[in-house]
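Student: Sequence first, predicted coordinates after that:
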Amino acid sequence: MFGGAGRVWHGRDVVAALVTPAAAQTSDEPIYYQDPDGKPVYSLTPKATADGRAFRPVPASADLNFADAEPAPEPAAPVATDGARKIKFYRNPMGLADTSPVPKKDSMGMNYIPVYEGEDHDDGSVTLSPQKIQRSGVQSEPAAMRVLVTKVRAPGSIQLDERRVSVIAMRSESFIQSVADVTTGSRVSKGEPLMQVYSPTVASAAAEYVSTIQSKVTGGVPFYGRGSRQRLVNLDVPEAAIAAMENGGPVPTVLQWTAPRDGIVLERNAIEGMRAQPGDVLFRVADISVVWALIDVAERDLGALAIGQSVRVHARGFPGRDFTGKVAVIYPQFNRDTRTARIRVALANPDFALLPDMYVDAEIDTGDPQPVLTVPESAVLDSGDRKVVLVELGAGRYAPRDVKTGHRGGGYVELREGVTDGEAVVTAATFLIDAESNLNAALKGFTDTGTTP
């Protein structure tokens with residue numbers, strides 16, 4: 001750099017030139033001049049840059065002091081205040097367990113955050129300013145008594161009512177003479193003809209019964225015919241055919257078999273001219289005006305189930321339509337592969353909309369009609385082995401409280417311990433307050449075992 005009379009100043013010359021007598025250092029007159037852009041270019045006399053801008057005068061009060069000074073005393077405990085509150089210490093802005101008795105910056109240049117008296121409580125509570133509460137979106141709601149509407153949702157399928165299925169099978173060797181115009185899937189009514197059958201055994205028993213009836217009319221033993229009639233009943237001869245014999249009809253050689261109930265033909269094995277052995281299933285008819293819904297309920301929901309609970313079933317083939325029923329049976333078997341248990345619900349099916357093996361979704365009402373103490377589900381912080389809510393203590397203070405939860409439903413959870421009716425709990429920004437509370441607890445533990453500010 002250049003000085004007066006064209007002298008050049010470098011290094012130690014600058015330092016020597018800047019050290020002036022004490023009288024000059026106490027004056028407000030400039031002791032040298034510096035480049036207006038702050039560059040390390042100085043002059044002992046007024047000077048201008050190449051573009052005509054004047055150098056900045058530097059008085060002695062703004063100059064660096066190169067004289068040896070006494071060591072600075074250790075900083076005392078902070079007494080700085082913010083309004084009426086006193087600052088106790090400063091904590092690390094990144095949440096580390098590091099405090100300072102005086103203002104400082106961390107390695108990234110961030111200011112340490114002041115902690116005021118009353119903000120570090122032994123109960124783990126945290127105090128937030130109204131501005132911080134507003135910025136964080138903190139919301140509270142009092143714990144109240146409510147009736148929880150708890151619904152268990154589970155999949156299932158439609159099955160036949162076992163009590164409404166009939167099988168037509170011959171009890172003696174028979175021959176199918178003819179079959180009615182009935183096929184699998186046809187709807188039949190009780191008493192409707194299905195087939196005509198010839199059976200030597202049945203024909204022999206029918207002839208014996210007819211002769212017994214005739215002998216009774218001509219003065220025979222009155223009770224002799226009971227055994228012959230019972231034999232026809234044991235051979236499953238239709239009651240209509242037996243009644244025709246008793247009314248004076250001829251000995252039938254071919255008998256007509258009819259439908260035993262109203263329903264749908266699920267199976268038709270009878271073929272005209274075939275030979276049927278005893279036990280062969282010729283027809284299977286089922287009444288599907290009432291069907292069963294077999295629902296597979298998850299293991300975690302078993303404790304809430306009970307006989308008689310209301311169930312709504314939604315068939316995937318009929319969106320928007322509900323089929324209602326009640327829990328009739330809780331099966332005593334458990335499926336270890338799917339971790340489910342099965343329940344049975346009887347459903348009215350007057351228009352035959354529900355068909356066997358159809359998939360359905362069920363909603364089971366398992367709520368208790370008695371009101372219980374509840375809070376919104378968002379108020380509970382669940383770490384797996386501990387459940388906590390943040391209770392509002394007033395004046396911006398919030399304290400964590402251990403609770404025991406019960407049933408859930410409708411967006412609410414039952415609290416069995418930890419909170420009383422009417423206490424306000426935080427329902428929004430709970431994680432922010434919990435983080436602040438945990439940070440305060442960590443800092444307190446640090447200061448208790450380390451250096452106390």
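Tutor: Yep, that arrived.

Student: Alpha carbons only: can I get the helix or strand where residue 227 lies in CSV?
Tutor: According to DSSP states H and E, residue 227 maps onto helix 225-234. Listed next in CSV are the C-alpha coordinates belonging to helix 225-234 (Å, rounded to 0.1, in the frame of the first residue of the first chain):
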residue,chain,number,x,y,z
GLY,A,225,-101.3,-104.4,8.6
ARG,A,226,-99.2,-102.3,10.9
GLY,A,227,-96.0,-104.2,10.1
SER,A,228,-96.6,-104.1,6.3
ARG,A,229,-97.1,-100.3,6.4
GLN,A,230,-94.0,-99.8,8.5
ARG,A,231,-92.0,-101.7,5.9
LEU,A,232,-93.1,-99.3,3.2
VAL,A,233,-92.2,-96.4,5.4
ASN,A,234,-88.7,-97.9,6.0
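
Student: For it, list every residue counted as buried.
Tutor: Buried residues in helix 225-234, counting neighbours by 16 or more other Cβ atoms under 10 Å, are found at 225, 228-229, 231-232. The way it works is simple: take the backbone N, C-alpha and C, and place the C-beta from them, glycine included.

Student: for stretch 177-193, same thing?
Tutor: 179-180, 182, 186, 188, 193.

Student: State the distance spanning the first to the last residue of that stretch.
Tutor: 13 Å (Cα to Cα, to the nearest Å).

Student: which residues touch it?
Tutor: Stretch 177-193 is contacted by residues 194-198, 240, 254, 256-268, 270-273, 283, 285 when judged by Cβ atoms under 8 Å, 6 or more residues apart in numbering.

Student: Report how many residues lie close to residue 391.
Tutor: Residues near residue 391, counting by other Cβ atoms under 10 Å, number 22.

Student: beta partners of it?
Tutor: Beta-bridge partners of residue 391, counted by DSSP bridges, are residue 399, residue 425.

Student: List the residues that contact it.
Tutor: With contacts defined as Cβ under 8 Å, 6+ apart, the neighbours of residue 391 are 398-401, 419, 423-426.

Student: Could you rerun that using 7 Å?
Tutor: Residues near residue 391 by Cβ atoms under 7 Å, 6 or more residues apart in numbering: 398-399, 401, 419, 423, 425.

Student: Okay, now the sheet partners of the longest strand seen in the chain, with direction.
Tutor: The residue-count maximum for a strand in the chain (DSSP state E) belongs to strand 322-335. Applying DSSP bridges, strand 322-335 is found paired with strand 310-315 (antiparallel), strand 340-348 (antiparallel).

Student: which parts of the shortest one are buried?
Tutor: Okay, so that is strand 310-315. Here strand 310-315 shows 311, 313-315 as buried, counting by 16+ other Cβ under 10 Å.

Student: Return the closest of these with respect to residue 345.
Tutor: Comparing the buried residues of strand 310-315 against residue 345 with Cβ to Cβ places residue 311 closest, at 4.8 Å.

Student: And residue 215, how close does it get to residue 247?
Tutor: Plainly put, residue 215 is 17 Å away from residue 247 if you go by Cβ to Cβ, to the nearest Å.

Student: More neighbours: which of those two?
Tutor: The neighbour comparison of residue 215 against residue 247 (other Cβ under 10 Å) goes to residue 215, with 14 against 8.

Student: Can you verify the more buried one is assigned to a helix?
Tutor: Yes. Residue state for residue 215 (DSSP: H, G, I helix; E, B strand; the rest coil) corresponds to a helix.
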